[in-house]
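S.K.: give me coordinates for this.
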Amino acid sequence: MPAVAGGAGGAEPLRPLWASCEDGREWAIRLTAVRTAMDHESVTDGQAARVRAMLGAAPSDFAPAPLREWADACSLVALEIHGRFDAPDGDAPHDADLLKAARGGAAAEVGPLVAGELERQVRILEILAETAGTAGSGAGVRKALDLSTEGRRVLRAVMSRRARIRG
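M.R.: The predicted model follows:
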């Protein structure tokens, strides 16, 4: 997920949720705890509100079909947010066009931030698929978390650079 919290906590409220991704134990309990923690964070912009809404839409059931549908929606939101920062005026292409271009491998049609985010998403899926059901699945989740953190760092750097330029 892109930056959900504007404060110094960053992704920290999401760590317990990531931890439950390995086997799904305590998913519903941790999801409730994360939602409660996020209720105390201020939402400063539209992107943060969209990410918060996605967290609110997370299924309480740790079942493949609803999780896959939710993850797909989260993927699209992340690509859209990155697309807004790829565009000089902040206007991303229409959602369906962006998704089609990004997932269709049309690198020339998406900017470098969207391409990088999609690469990270694909790598996360590969890591999780490689380690699913193995004794090393916890390590896979940690690697996925590291990639997700890298994506947030990139996006925050771009946001910071834009803020400095705009004064």
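S.K.: now do the longest helix along the chain, average pLDDT.
M.R.: Across the chain, the longest stretch assigned as helix under DSSP state H is helix 137-166. In this model, helix 137-166 has a mean pLDDT of 85.
S.K.: pull out the buried residues from that helix.
M.R.: 137, 140-145, 147-148, 151-152, 154-155, 159 (16 or more other Cβ atoms under 10 Å). Just so you know, the C-beta spots here come from the backbone N, C-alpha and C atoms, and that holds for glycine as well.
S.K.: could you tell me the end-to-end distance of stretch 17-26?
M.R.: End-to-end distance for stretch 17-26, by Cα to Cα, to the nearest Å: 9 Å.
S.K.: pLDDT score for the spatially closest residue to Asp61 that is not a sequence neighbour?
M.R.: The shortest distance from Asp61 to any non-neighbouring residue, by Cβ to Cβ, 6 or more residues apart in numbering, is to Ala28 (7.5 Å). Note for Ala28: predicted pLDDT of 93.
S.K.: and the helix or strand encompassing Ala78, what's buried?
M.R.: Assigned by DSSP states H and E, Ala78 belongs to helix 64-86. Of all the residues in helix 64-86, those buried under the rule 16+ other Cβ under 10 Å are 67, 71, 74-86.
S.K.: same check on stretch 46-64?
M.R.: 47-48, 50-52, 54-55, 58-59, 62.
S.K.: end-to-end on that stretch?
M.R.: End-to-end distance (Cα to Cα), stretch 46-64: 29 Å.
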